[in-house]
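Enquirer: Return atomic coordinates for the entry below.
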Amino acid sequence: MRLRRGSPTKGLEFSLEFPEGLNVYRDVPGVDLVVSAGPMEDPGATLISVGAVRSGEPVTREEHVARVRSGSSGGHLVDEGPIPLAGFESWWTLDAVVLDGRSVVPDRWMLVRDGVGWTATVQMPWIDMHRLRPGAINIVSTLQFR
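Expert: Here you go, the predicted model:
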């Protein structure tokens with residue numbers, strides 16, 4: 001399924017491809033789109049989210065990364081580095097976090113398009129990471145801006 005996501009802010013439209021049967025949530029606070037294998041509230045669900053920060057002055061990628069990292073829910077940074085996403089150079093991080101007593105692994109790609117900070121996140125249970133992560137990353141890699 002290819003989902004085009006319009007935005008209330010002109011110029012912030014994007015599309016994402018994912019298999020049929022996944023749950024889709026729009027306009028969740030802080031993000032534009034969440035694609036979920038399982039209920040979004042379940043800490044064991046695999047979540048893919050995409051969102052833009054719309055307020056404030058134009059930002060650089062370094063400023064956006066610092067803002068996202070300062071607002072993250074603790075955890076332990078496992079790895080990070082530059083990785084292209086949607087035709088832009090993004091900063092990727094992999095963290096290990098405990099949420100509601102469950103170990104989860106958030107992958108984050110942070111990039112800036114036209115001064116707007118974007119973050120794509122895949123969050124999955126640590127125990128299923130090796131099985132689920134390749135498919136989830138394939139979905140994130142379909143992100144395109146219009």
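
Enquirer: can you pull out the strands in this structure?
Expert: For the chain, the strands defined by DSSP state E occupy 2-5, 14-17, 23-26, 33-37, 46-53, 76-85, 88-99, 102-113, 116-125, 144-145.

Enquirer: quick one: which of those strands is nearest residue 61?
Expert: Residue 61 lies closest to strand 102-113 among the strands of the chain, at 4.7 Å (Cβ to Cβ). The way it works is simple: take the backbone N, C-alpha and C, and place the C-beta from them, glycine included.

Enquirer: May I have the predicted confidence score for the residue nearest to residue 139 when sequence neighbours are not counted?
Expert: In space, and not counting its chain neighbours, residue 139 is closest to residue 18: 4.8 Å by Cβ to Cβ, 6 or more residues apart in numbering. Looking at residue 18, its pLDDT stands at 94.

Enquirer: again with residue 103
Expert: 93.

Enquirer: Grab the nearest non-local neighbour of it.
Expert: Using Cβ to Cβ, 6+ apart and skipping residues adjacent in sequence, the residue nearest residue 103 is residue 126, 3.8 Å away.

Enquirer: for this structure, what helix or strand is lowest in average pLDDT?
Expert: In the chain, the helix or strand scored least confidently by mean pLDDT, DSSP states H and E is strand 2-5, which has a mean of 50.

Enquirer: was I right about residue 26 contacting residue 33?
Expert: Yes. The pair residue 26 / residue 33 is scored as a contact, 5.9 Å apart, by Cβ atoms under 8 Å.

Enquirer: So the two - more neighbours on which side?
Expert: Shown here are residue 26 and residue 33; by other Cβ atoms under 10 Å, residue 33 has more neighbours (20 against 11).

Enquirer: So what pairs up with that one in the strands?
Expert: residue 26, residue 50 (DSSP bridges).

Enquirer: Could you do residue 84 as well?
Expert: When bridges are taken as DSSP bridges, the partners of residue 84 come out as residue 89.

Enquirer: Please list all residues in contact with the residue nearest to residue 103.
Expert: By Cβ atoms under 8 Å, 6 or more residues apart in numbering, the contact list for residue 126 reads 96, 103, 104, 105.

Enquirer: beta partners of the third one?
Expert: It stands for residue 104. Under DSSP bridges, the beta-bridge partners of residue 104 are residue 97, residue 125.
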